[in-house]
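I'll drop the sequence and a predicted model, then ask my questions.
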Amino acid sequence: MGRLTDDCFAFGGQMMGVEAAAALIQARVTPLAETEAVPLQAARGRVLAERLIAPTALPPFFNAAVDGYAFAHQGGAGLRLPVAGRVAAGAVAPPLIPGTAMRIFTGAAMPAGADTVLMQEDAALEGDTLLLPAGLRRGANCRPAGEELALGATALAAGTRLGPAEIGLAAALGLAVLPCTRRLRVGVFSTGDELAAPGTLLGPAQSFDSNRFTLLALLGGLPVEACDLGILPDQPAATAAALAAAAATHDLLLTSGGVSAGEEDHVRAAIEGAGRLVFWRLAVKPGRPAAMGMVAGTPVLGLPGNPVAAVVCFLHLARPLILRLVGGQVEALPRFPAIADFHHRKKPGRCEYLRVRLRRQNALMLFADKFDREGAGMLTSLTQSHALCELPEAMECVRPGDTVLVLPFSALL
Ligand code: AMP
Ligand code: MG
């Protein structure tokens, strides 16, 4: 399953900045080469493997954009044209008899000889004779063939992630399947002797495993085949063996927990035992204990155990790595300006993410209020707030009235 060489990364630093991590992923990760034909109905979220060249013009033929009357524009107003003939959508239009107009409907082919349509709402008729008003330009209310895309033009770039609009465009071009990169096989482990699977009984010193489900849900929005690999015990040998076995059948492995510096944190050592560590510790709060490594050519991300930290590191590491591996354009996370309505001091040298509630003051002003509980372990700080507020590495202080960047969950999760 190995597609990356274990030494494709060569980073010797201690703590990796979020931008450096993104640049490393972009520079060193080679997209998978395999592609497959995907029916449009299953293409949502997939990545287009090749540039899509329009196999037909769009629209394919010259047609009316409104219901009305087609005629040949002759410059002047006040002309009187007898209405001769009628063409509905889907019908092949007879040619326009010179000096007449033809009743026409939206989407119908323009008759040969006609170049303009008078909208039916603007039409004055005397019996069967149309009185042309002033001010109608030649070509009004009709759509020339190829107006949107010429035959042979680039409709979509390679690496485009397919959403409803892209899928609709492919359908409009007559394509029923699209060449996509294959979905990435991503295995997700939780780690920790304290964890119990939801749906089972909780022991006296146990808590339920939530990260596996948060991560599987995050993966649901990406072009992957996510695989639930369960909970690993806090044992180095078992962890290394499980990573090595899973690396053989997956393109990417995600773990959470067990990656700090405690005696019961075995993920980093397991990555080193089964393969090679690329970096350990990301300069981000929450999320510092995160590791990246390679096991038999398969990248492994050791995400932090605290649930909010796991989400932040997923967004910074897993998302760009997945998009890169599937050959997708790695778009930056969507960030919007807001006005801080809080005070906050931070250490420089690491990027910090506060949870904020967003409030619109009038039509234009967006305010961010800091959520009062900041714990990296509290999932309710995500469910009860609206966005992450990004405080860059160099920043030391936020004051009320400062402009900050926020990443709304609705666009992220
Ligand atoms: P660790 O880094 O393993 O010490 O974990 C840090 C914190 O995150 C501890 O309180 C763990 O119990 C918690 N944690 C670790 N993994 C999970 C998980 N899968 N779901 C929920 N909490 C977790
Ligand atoms: Mg643990």
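Nice, I can see it. Ligands and ions are numbered 1, 2, ... in the order given.

Grab the nearest non-local neighbour of residue 275.
residue 295 (3.4 Å; Cβ to Cβ, 6 or more residues apart in numbering). All C-beta spots, glycine's among them, are computed from the backbone N, C-alpha and C.

Would you mind confirming that that neighbour makes contact with residue 245?
No. With contact defined as Cβ atoms under 8 Å, residue 295 does not count as touching residue 245 (9.8 Å).

before we move on, back to that, so what sits opposite the residue nearest to residue 275 in the bridge?
residue 298 (DSSP bridges).

Tell me which residues touch it, please.
Residue 295 sits next to 243-244, 247, 253, 271, 274-276 when contact means Cβ atoms under 8 Å, 6 or more residues apart in numbering.

now residue 242, what's its secondary structure?
helix (DSSP: H, G, I helix; E, B strand; the rest coil).

Could you count how many residues lie near it?
Neighbourhood size, residue 242 [other Cβ atoms under 10 Å]: 22.

how much space between residue 370 and ligand 2?
Distance, residue 370 to ligand 2, using Cβ to the ion, to the nearest Å: 28 Å.

Just grab the bridge partners of that residue for me.
Here residue 370, judged by DSSP bridges, has bridge partners residue 356.

Just the pLDDT at it, thanks.
Among the per-residue scores, residue 370 shows a pLDDT of 97.

ok, it to residue 94 distance?
For residue 370, the distance to residue 94 (Cβ to Cβ, to the nearest Å) stands at 70 Å.

Get me the contact residues on this protein for ligand 1.
190, 192, 194-195, 207, 209-212, 256-260, 262, 265, 304-307, 377 (Cβ under 6 Å from any ligand atom).

Assign the residue of the stretch 251-400 of the chain found nearest ligand 1 to helix, strand or coil.
Distances between the stretch 251-400 of the chain and ligand 1 by Cβ to the nearest ligand atom are smallest at residue 305, namely 2.3 Å. Secondary structure state of residue 305, per three-state DSSP, is coil.

what's it in contact with, if anything?
With Cβ under 8 Å, 6+ apart, residue 305 has these contacts: 191-192, 211, 256-260, 289.

Counting neighbours, what do you get for residue 250?
Count around residue 250 with other Cβ under 10 Å applied: 25.

how close does it get to residue 242?
As judged by Cβ to Cβ, residue 250 and residue 242 stand 11 Å apart.

Just give me the residue closest to the centre of this structure.
The residue lying closest to the centre of the chain (Cα atoms, centre = their mean) is residue 161, at 6.6 Å.

you'd agree that residue is up against residue 49?
No. In this structure, residue 161 is not within contact of residue 49 by Cβ under 8 Å, at 11.9 Å.

before we move on, back to that, roughly how far does the residue of the stretch 251-400 of the chain closest to ligand 1 sit from residue 49?
In terms of Cβ to Cβ, residue 305 sits 36 Å off from residue 49.

One more: residue 85?
47 Å.

More neighbours: these two, which one.
residue 49 (24 against 16).

List the residues that contact that one.
By Cβ under 8 Å, 6+ apart, the residues touching residue 49 are 35, 158, 179-181, 327.

Sort out which of those are in strands and list them.
Within the contacts of residue 49, residues falling in strands by DSSP state E are 35, 179-181.

how about the helices in the stretch 251-400 of the chain?
Residue ranges of the helices in the stretch 251-400 of the chain, as given by DSSP state H, counting those that start in this stretch, are 267-274, 307-313, 319-325, 380-383.

What parts of the chain come near ligand 2?
With the criterion set to Cβ under 5 Å from the ion, the chain comes near ligand 2 through 192, 257-258.

can you put those residues in a markdown table and add distance to residue 229?
Shown next, in a markdown table, are the residues of the chain next to ligand 2 (distance: Cβ to Cβ, whole Å):
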| residue | distance to residue 229 |
| --- | --- |
| 192 | 14 |
| 257 | 13 |
| 258 | 14 |
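
pLDDT below threshold where in the stretch 151-300 of the chain?
For the stretch 151-300 of the chain, no stretch has pLDDT under 70.

separation between the residue lying closest to residue 345 once chain neighbours are set aside and ligand 2?
Of all residues not flanking residue 345 in the chain, residue 397 sits nearest, at 5.3 Å (Cβ to Cβ, 6+ apart). Distance, residue 397 to ligand 2, by Cβ to the ion: 33 Å.

For residue 397, give me its contacts.
Contacts of residue 397 by Cβ under 8 Å, 6+ apart are 343-346.

Who wins on neighbours among the residues you listed?
Counting by other Cβ under 10 Å, top hit in the contacts of residue 397: residue 344 with 19 neighbours.

Okay, the spatially closest residue to that one that is not a sequence neighbour and residue 361: tell me how far apart.
Nearest residue to residue 344 in three dimensions, chain neighbours excluded: residue 398, at 4.5 Å (Cβ to Cβ, 6+ apart). Distance, residue 398 to residue 361, by Cβ to Cβ: 18 Å.

Ok, residue 304 next?
The gap separating residue 304 from residue 361 is 35 Å, by Cβ to Cβ.

Give me the more crowded residue out of those two.
For residue 304 and residue 361, the more surrounded residue by other Cβ under 10 Å is residue 304, and the numbers stand at 29 against 10.

That one contacts residue 255, correct?
No. Under the criterion of Cβ under 8 Å, residue 304 makes no contact with residue 255, lying 10.0 Å away.
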